[in-house]
Structures are given as C-alpha cells and as structure tokens.
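>>> Sequence and predicted structure are below.
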Amino acid sequence: MDKLAVNIGDLHLKNPVMTASGTFGYGKEYSDFFDLSRIGGIFVKGTTIRSRQGNDYPRMAETPSGMLNAVGLQNKGVEYFVTNIYPEIKDIDTHIIVNVSGSTVEDYVDCTEKLIHLDKIPAIELNISCPNVKEGGMAFGTSACSAAEVTKAVRKVWDKTLIVKLSPNVTDITEIAKAVEGEGADSLSLINTLLGMAVDINKKCPVLSTVTGGLSGPCVKPIALRMVWQTYNAVKIPIIGMGGISSWQDAIEFILAGSSAIQIGTHNFIDPAISVKVVDGISEYLDKNNIASVSELVGALNI
C-alpha cells in the first residue's frame, strides 16, 4: 500500500495534498512551476451557473500574517467551463474537483447538473458560504437548515463524491457539519475564510470596495485547527482541512487534528511550488517516524 494514499469517500487520492479553490486558478496556471500530477487533487476556482464579473476594485488587501479578499467569485459560468476549460485540464493526472457556488438552491442544482456528465470530474465541492438571496443575504453555511437544504438538493442530482465546504463564521460549526452529513455529504472541507476588514487611515475609509472580505493565511490557522478537531469529533465522514497551511509541519498538524487530507490556499501566491514541498515533507516525516501510512495519523492527537 502506498503510504501517502488516502480515501475521501469513493475518491482515491495518491496523497493528501490538494490546492484550495480560488488560489490555484484551473491548475494549468501553475504547470510551469511543478508537475501537477504529483499532488492529490486540484480544486478549481468557484464556478457559478451564470457568468460573474466579481466585485469592484480594490478587492484584495494584505494583513498581518494573511490577506483579505473580496473577489466575488469572478468566473465565466459553468457553460464556459464545460466548453473551454474542461478540455484543457481533463487530462491532468490528478483529481480535478469543481467548487460549485450559487445564490439560490436552484443555482447550485443547475450548476451541478451541467457537470455530471464530465467523466474527469469525480467530485464537487459545495461552497455554502455564498449569500442566500431568498433568505435576505444570509450565507447558506451559517444555518444548519439552509446548509442541509442545499446539500440534500444537490445530493439528488450528483451521484459522485460530494464535498461540502463549511464556513467558520458560525457559533457552532459541528451543528452545520452534522446537518450536511445527515443529508448525504461524503466529506467536509474546512475552513473557508473568516470575515474581516481593513481600514485606510489616510483616506478614512475601508480598504476593500465591499468593506468586508474573507481573511486567509497563517493568521487563521489556530482557528482552523480548532474547528477541524471539533468537527472530527462530531461526524463520521472524512474531513479535508485548510486554513493557513504553509509548510509540511502545518499539514501534519491538521492531519493529527482529524483531517484525512488538506488543501493549501493563500501560500500558493507566495510559493507556487509549496504543494509538492508539502508532499515530500509528509513522506519524509512518515519515514523518519516509521509510520506505514499517513492514514494512521488522522485524528491521532494525544489528548
């Protein structure tokens, strides 16, 4: 057995290292930096049923040990992805997973149905941090009921691996996790970005055009670890952990806290080859400690 191989539902990964949606484009943008087949999977940028222009600039800002973004799911829509992007990335020798976003339950379902016939898309990741326009703009992922509703609806039309990406902007993330598990999610990915803001003291105004944005990077890692650990102890389905991972040591921490696999996000902008460095680091750690499989480390905290 390959020591790095892991399973996420029916999805078999060659190793537990993947890239987070929104930080890695469609994968091909990073092909000059390393062999993409060396990582476990690529989560492509958020995809919606219709084309989206995204938010006005400025929509990114550096923060201490992190960054804020308010890109706004800019993409050309799922039809464009199917016709123009998919043919260019389908033969990359790793799993290509589409992050599906929407403003209504119907949006999620319609977008998912456009992807079901694509043989080289073995899984989707539901981004339930999107605003639910029918509920006054409250994010799907901040309510157990709405999170369960969208998961149930998509589960009816998607028979491959279904991953639900959880928002950290909640009182109790385990409540949301159990709700989507109960409606058929095969796996959970967490955490998405934390809500934050930055202020320009010279202009006396917010830095971002949207006032608030999603905070990511090393500054969120302790919160992400805590939420992964809490969720691991609340559900039975596998977890894909993320939030500030910038080294193989960070990845090991997430695995020990309960992640079967991990995603690397913001650090891709700093070091485009970080993913393969993390793969190598995990492998060396296993060898050094005489551990036969990375799966042995999942949730293996001494508490």
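That came through, no problem.
>>> so what's the backbone phi/psi at the closest residue to Tyr108 other than its chain neighbours?
Using C-beta to C-beta, 6 or more residues apart in numbering and skipping the chain neighbours, the partner closest in space to Tyr108 is Gly102 (4.2 Å). In short, each C-beta sits where N, CA and C put it, glycine included. Torsion angles at Gly102 (phi, psi; degrees, to the nearest 10) stand at phi -170, psi 170.
>>> which ones are touching Gly102?
Listed by C-beta atoms under 8 Å, 6 or more residues apart in numbering, the contact set of Gly102 reads Thr48, Ile49, Tyr108, Asp110, Cys111, Cys130, Val150.
>>> Make sure the last one is indeed in a strand.
Just to be clear, that refers to Val150. No. Per DSSP: H, G, I helix; E, B strand; the rest coil, Val150 lies outside any strand segment and is helix.
>>> per-residue pLDDT, Asn127?
pLDDT for Asn127: 95.
>>> I figured it hits Ile163, correct?
No. If you go by C-beta atoms under 8 Å, Asn127 and Ile163 don't touch, sitting 10.1 Å apart.
>>> Now do the helices in the stretch 201-303 of the chain.
Under the criterion DSSP state H, counting those that start in this stretch, the stretch 201-303 of the chain contains helices at 221-232, 248-257, 267-270, 274-288.
>>> Asn84 is nearest to which of those?
Nearest to Asn84 among the helices of the stretch 201-303 of the chain is helix 267-270; the distance by C-beta to C-beta comes to 22.7 Å.
>>> burial of the closest residue to Leu190 other than its chain neighbours, as a residue count?
With C-beta to C-beta, 6+ apart as the criterion, Leu190 has its nearest non-adjacent residue at 4.1 Å, and that residue is Leu166. Neighbour count for Leu166, taken as other C-beta atoms under 10 Å: 27.
>>> thought Leu166 was touching Glu125?
No. Using C-beta under 8 Å, Leu166 makes no contact with Glu125, being 10.7 Å away.
>>> do you know how far the residue nearest to Tyr108 is from Lys28?
Distance of Gly102 to Lys28, computed by C-beta to C-beta, to the nearest Å: 25 Å.
>>> try Val228
According to C-beta to C-beta, Val228 and Lys28 sit 30 Å apart.
>>> between those two, who's got more neighbours?
Val228 (29 against 15).
>>> Let me know whether the more buried one touches Leu188 as I believe.
No. Counting by C-beta under 8 Å, Val228 does not reach Leu188; the two are 9.2 Å apart.
>>> Identify the contacts common to the two.
Joint contacts of Val228 and Leu188 (C-beta under 8 Å, 6+ apart) are Ile239.
>>> that older thread, looking at the helices of the stretch 201-303 of the chain, which is nearest to Ile97?
helix 274-288 (14.3 Å).
>>> Only the C-alpha atoms, please, for the closest one, written as CSV.
Taking Å, rounded to 0.1, in the frame of the first residue of the first chain, the C-alpha atoms of helix 274-288 are listed here in CSV:
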residue,chain,number,x,y,z
ILE,A,274,4.6,24.7,-1.9
SER,A,275,2.2,21.8,-2.6
VAL,A,276,5.0,19.4,-3.8
LYS,A,277,7.2,20.5,-0.9
VAL,A,278,4.5,19.5,1.5
VAL,A,279,4.0,16.2,-0.2
ASP,A,280,7.8,15.5,0.2
GLY,A,281,7.8,16.7,3.8
ILE,A,282,5.0,14.4,4.8
SER,A,283,6.7,11.5,3.2
GLU,A,284,9.9,12.2,5.0
TYR,A,285,8.1,12.6,8.3
LEU,A,286,6.5,9.2,7.9
ASP,A,287,9.8,7.5,7.1
LYS,A,288,11.6,9.2,9.9
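>>> mind listing what's buried in that helix?
Ile274, Ser275, Val276, Lys277, Val278, Val279, Gly281, Ile282, Tyr285, Leu286 (16 or more other C-beta atoms under 10 Å).
>>> any idea how far the residue of the chain positioned farthest from its centre is from Gly9?
Most distant from the centre of the chain: Asn202, at 35.2 Å, with distances by C-alpha atoms, centre = their mean. Distance, Asn202 to Gly9, using C-beta to C-beta: 50 Å.
>>> cool, and Val235?
13 Å.
>>> now do Ser295
Separation of Ser295 from Gly9 (C-beta to C-beta) stands at 14 Å.
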